[in-house]
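Engineer: the following block contains a protein sequence and its predicted model.
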Amino acid sequence: KEIRFDFAHDDDDDSTDVPSYRGRQPYVGRQKYITRPTTASRYDDNILEQRNFEDQVEEVLGWLKDEMERSQSFVHRSRQIHDAELANAKREMDKLKKAAKRIIKAVHKKGKDKAARSEATADSERRRRIKSQKTMASMIKSHSAQMEHLKKGLHRNSTYDTGSDSLAGLGLDLEDDSHAIRDETIQPNCSALRAILI
């Protein structure tokens, strides 16, 4: 390729003539500028990279902050739900305890009432037996007194011979009559005793 140079001279200027470059920039110079950036351009690139990195860091930090807040909110809600469930479970447990106490108390009271009724029944049965025994003893005593009275009456009657002979003449046996009287007296008393015992 041709490279052309054009030097212009100013006749009015007495200074040293300095050739001025006119035309396109040489290809080699342009290539050198592109492949080898200056220190200023490197500094600008570093600043840009640093800013991009800072932006990325801020973005990541913001995302982490949002996630932490979301996690804390979730933990707080979970804790509230857990506390509410614990409170409900505690209330249910208290209800169950109260119900169990009422049931135990009712069963204990029922057992006491049943025991009291059994004791009252047994006491009534004891009193009834004691009364029956007393009645029986009284009847036996009364019967013994009647028998003694009959024996005495029969003994007095047996001393009279005339009476005995007359009774024998009529065909009556005094001993048989005494047995008959004794049997008639004993039978009602035995019936009364049997009714009391039943």
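Structural biologist: Good, I have the coordinates. Numbering: from 1, shown residues only.
Engineer: count the neighbours of residue 139 for me.
Structural biologist: By other C-beta atoms under 10 Å, 15 other residues sit near residue 139. For every residue, glycine as well, the C-beta is placed using N, CA and C.
Engineer: do the same with residue 92
Structural biologist: Neighbours of residue 92 using other C-beta under 10 Å come to 10.
Engineer: now do the SS call for it.
Structural biologist: Secondary structure assignment for residue 92 (DSSP: H, G, I helix; E, B strand; the rest coil): helix.
Engineer: for residue 105, see how far away it is.
Structural biologist: Distance, residue 92 to residue 105, by C-beta to C-beta, to the nearest Å: 20 Å.
Engineer: so residue 71 is in which element?
Structural biologist: Secondary structure from DSSP states H and E places residue 71 in helix 39-158.
Engineer: kindly spell out which helices and strands sit in contact with that helix.
Structural biologist: The contact analysis (3 or more C-beta pairs under 8 Å, 6 or more residues apart in numbering; DSSP states H and E) places helix 39-158 against helix 161-169, helix 174-197.
Engineer: rerun that using 7 Å as the cut-off
Structural biologist: helix 174-197 (3 or more C-beta pairs under 7 Å, 6 or more residues apart in numbering; DSSP states H and E).
Engineer: could I get the average pLDDT for the helix it packs on?
Structural biologist: Averaging pLDDT along helix 174-197 gives 49.
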